[in-house]
Structure formats: structure tokens, C-alpha cells
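Chemist: Fold the following and give me the result.
(one chain, ligands or ions: 1)
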Amino acid sequence: MIKLYDYWRSSACYRLRIAFHLKGLAFESEEVSLHPDVLAQNSDAYRAINPQQRVPTVVIDGQTHTQSMAVLDWLEETYPAPAFLPSDPHMRLRARAFADTVACDIHPLNNSSVLKYLKEEFGADQKTVTDWYATWVVRGFDALEVHARKTDTRFAFGDFPGLAEICLIPQIYNARRFDINLTDYPRLLDIEANCLELTEFQKAVPEAVKPD
Ligand SMILES: N[C@@H](CCC(=O)N[C@@H](CS)C(=O)NCC(=O)O)C(=O)O
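Modeler: Just a heads-up that it's a prediction; the model follows:
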């Protein structure tokens with residue numbers, strides 16, 4: 001059984017919940033609350049598990065691992081079916097680049113500790129923080145919309161969801177939390193709607209796993 005140190009609203013955790021469900025793997029979650037009044041990620045107990053004090057952390061066969069993209073690579077190598085990546089090498093590269101646009105270029109700039117730092121160290125007010133957040137989402141999504149329009153398949157790189165959707169859907173969820181206008185991204189929203197028809201995605205959505 002895989003253990004996931006999880007927070008319902010964390011998009012990096014949301015990636016892994018989707019991925020585990022798509023691969024049909026059972027996992028158990030333990031909450032690490034990132035709520036500003038709790039900040040459980042900063043506790044000594046959690047720091048001993050993940051020195052970076054972020055979620056997700058996973059425990060697989062008694063071994064503790066971090067970084068959602070590395071865990072996704074491990075999953076794909078260890079459980080190749082259903083595949084997260086298309087078979088054509090160029091399409092695989094495109095799917096990875098799509099996912100990296102979210103994971104490397106959008107998400108790190110908008111992580112909660114980055115936003116907190118803007119407020120605490122630079123005195124940014126909420127509007128400035130929201131503008132910052134929107135800037136990196138819009139720049140990334142503008143590019144992703146162009147890439148996603150190059151195909152007309154149900155999902156970004158074929159008829160099945162994979163790495164691209166695992167990264168995209170949580171980032172769209174996050175963008176909505178910040179009231180980002182998504183009307184310029186009809187292809188991304190179509191892909192999202194197609195994903196959310198699937199039980200694997202429905203079981204992973206934050207509201208489905210939010211503790212009472
Ligand atoms: N690159 C990491 C990012 C992990 C990350 O930034 N997680 C966020 C939640 S989505 C977090 O733990 N934030 C809490 C904090 O930075 O204090 C991954 O993909 O696992």
C-alpha cells in the first residue's frame with residue numbers, strides 16, 4: 001500500500017491522486033494541513049519526513065520519496081499500463097513539455113510559500129499577490145492553449161488522459177481559486193471537462209477528499 005502525505009487543496013498532491021487512480025493503485029492518505037492557521041508542513045515531525053517541508057511525500061515499500069514529477073516517472077516506469085505518455089517519440093516529448101510548463105514554469109512561482117514570501121518580505125498586498133499569481137498562470141496557459149489546439153483528440157495528446165492532464169487539471173483548479181479569467185482557453189477547458197467525466201479524476205478532486 002502506498003502512503004501519500006496529502007493536502008486536499010495542494011495541486012502537486014492532486015496530481016498524484018489522479019495518477020494513482022489512473023494506474024488503479026490503492027493508496028492511503030495522511031493529511032498534512034497547509035492551512036495558514038495550521039502549517040503542519042513546518043512541524044518538526046513532518047520536517048523529519050520531508051526536509052523540504054512540502055507536500056506530497058509518498059512512502060512506497062517503506063521508502064520515503066518526494067517530488068510529484070519524480071513520483072510520476074516512477075509510476076510510469078513501474079506500472080506502464082495504462083500509459084501516461086503517447087507512443088510516438090515526438091508526441092511523448094510534447095506531452096512532457098506540456099506537463100513541465102505547469103510543473104516547472106507556473107506552479108513553482110505560485111506556491112503558497114512563495115506568495116507568503118511576497119507578502120511578508122516585500123509587503124505585497126492581496127491585489128499584488130493575485131496579479132503575480134495571474135501573470136504566471138496566463139503566460140503559461142496562453143502557451144498551453146496553443147499547444148493543445150494542435151490536436152483535436154479528446155485529451156491533449158490522444159484519446160486517453162496522461163501526464164499532460166495530470167498536471168493541467170490541478171493547475172486549472174488552482175487558477176479558479178484565484179478567479180483567473182479562463183475564457184481564452186476553450187481547448188484547455190474542453191480537456192478539463194473530458195477529464196472530469198472520468199471517475200479517476202472525480203475521486204481525486206479536492207472537494208472529494210477534503211477532510212470534514
Ligand atoms: N515540486 C514539488 C512542489 C511541491 C509543492 O510546492 N507543494 C506545495 C503544495 S502544492 C507545498 O507543499 N506548499 C507548502 C509550502 O511551500 O509551505 C512537487 O512537485 O512535489
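
Chemist: what comes into contact with the biggest helix by length in the chain?
Modeler: Selection of the longest helix in the chain by residue count, based on DSSP state H, yields helix 126-148. Residues outside helix 126-148 that contact it (CB atoms under 8 Å, 6 or more residues apart in numbering): 94, 97-98, 101-102, 105-106, 109-110, 115, 118-119, 124, 156, 168, 171, 174-175, 178-180, 182, 184-188, 191. Every residue, glycine included, has its C-beta placed from N, CA and C.

Chemist: tell me the average confidence for that helix?
Modeler: Helix 126-148 carries an average pLDDT of 97.

Chemist: And the ligand, is that helix touching that?
Modeler: No - Helix 126-148 is not in contact with the ligand by CB under 6 Å from any ligand atom; minimum separation 13.1 Å.

Chemist: What of stretch 99-115?
Modeler: Yes - shown here: stretch 99-115 in contact with the ligand (CB under 6 Å from any ligand atom) through A103, N111, S112, S113.

Chemist: neighbours of the last one, just the number please.
Modeler: The burial count assigned to S113 is 13, neighbours taken as other CB atoms under 10 Å.

Chemist: helix or strand for it, which one?
Modeler: Using DSSP states H and E, S113 sits within helix 112-122.

Chemist: Only the buried residues of that helix, if you could.
Modeler: S112, L115, L118 (16 or more other CB atoms under 10 Å).

Chemist: Pull out the buried positions in stretch 160-174.
Modeler: Neighbour-count burial for stretch 160-174 flags 161-174 (criterion: 16+ other CB under 10 Å).

Chemist: one step back: now distance to M69 too, for the residues of stretch 99-115 next to the ligand, in CSV please.
Modeler: Below are the residues of stretch 99-115 next to the ligand laid out as CSV (distance: CB to CB, whole Å):
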residue, distance to M69
A103, 5
N111, 14
S112, 18
S113, 18
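
Chemist: Around the ligand, pick out the residues from this structure.
Modeler: Near the ligand, when you scan the chain using CB under 6 Å from any ligand atom, you find 10-12, 34, 41, 53-56, 67-69, 103, 111-113.

Chemist: Helices - which of these land there?
Modeler: Counting by DSSP H, those place S11, A12, S68, M69, S112, S113 in helices.

Chemist: which phi and psi does the residue in the chain sticking out farthest from the centre have?
Modeler: Distance from the C-alpha centroid of the chain, by CA atoms, centre = their mean, peaks at G123 (28.0 Å). The phi and psi values for G123, taken as degrees, to the nearest 10, are phi 70, psi 20.

Chemist: how far away is A175 from A134?
Modeler: Taking CB to CB, to the nearest Å as the measure, A175 falls 8 Å from A134.

Chemist: Tell me which of the two has more neighbours.
Modeler: More neighbours surround A175 than the other of A175 and A134, with 23 against 16 (other CB under 10 Å).

Chemist: which residues touch the more buried one?
Modeler: If you count contacts by CB under 8 Å, 6+ apart, A175 has them with V137, F141, L182.

Chemist: closest to the ligand among those residues?
Modeler: Minimum distance to the ligand across those is 14.0 Å, recorded for V137 (CB to the nearest ligand atom).
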